[in-house]
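In: just need the structure, nothing else, for what follows:
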Amino acid sequence: MAYATVEEYAQYGDGSIPTEALPAALERASDQIDALTYNRIAARGMAGLTAFQRLKVVKAVCQQAEFYHAYGDYLTFPLSGYSAGSVSLSFKAIEGAGGIQTTEAVTSLLASTGLTSRRLC
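Out: As a prediction, the model looks like this:
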């Protein structure tokens, strides 16, 4: 089950994900957030989090879904960059727990919850 709903995405997302692809994108992002948080949300459930943590997780899921929607093809690309003539492209993504590629914004949202700490809870 996704940690963010379509309604929450409408509130916190930028609307770049097509409606028909949104449930799958939110589900995939939730799975990636689970990896980034060492499955602590899966173990506790969203009901086991504080209101502050829930809000940050929902926002992180929305941002991760948008990031993967926009750059997913490049995330699985075997090269980190390429050059063609005078044009050069390199891709920089933050890699978190479980090898999940994300943005600094997502890691910042999750870091404020304490769920990404490697210490035992």
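In: as a quick check, tell me the outermost residue of this protein.
Out: Centroid-distance maximum for the chain: residue 85 at 33.5 Å, with C-alpha atoms, centre = their mean.
In: where exactly do the helices run in this protein?
Out: For the chain, the helices defined by DSSP state H cover 6-12, 22-36, 40-44, 51-75, 104-111.
In: would CSV of those with mean neighbour count be doable?
Out: Where C-beta positions appear, they are placed from N, C-alpha and C, glycine not excepted. Shown next, in CSV, are the helices of the chain (neighbours: other C-beta atoms under 10 Å):
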stretch, mean neighbour count
helix 6-12, 14
helix 22-36, 21
helix 40-44, 16
helix 51-75, 19
helix 104-111, 18
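In: which residue sits closest to the spatially most central residue of the chain, ignoring its sequence neighbours?
Out: Closest residue to the average C-alpha location of the chain: residue 64 at 2.6 Å, with C-alpha atoms, centre = their mean. Using C-beta to C-beta, 6 or more residues apart in numbering and skipping the chain neighbours, the partner closest in space to residue 64 is residue 29 (4.0 Å).
In: the one you found reaches residue 65, doesn't it?
Out: Yes: counting by C-beta atoms under 8 Å, residue 29 touches residue 65, with 3.8 Å between them.
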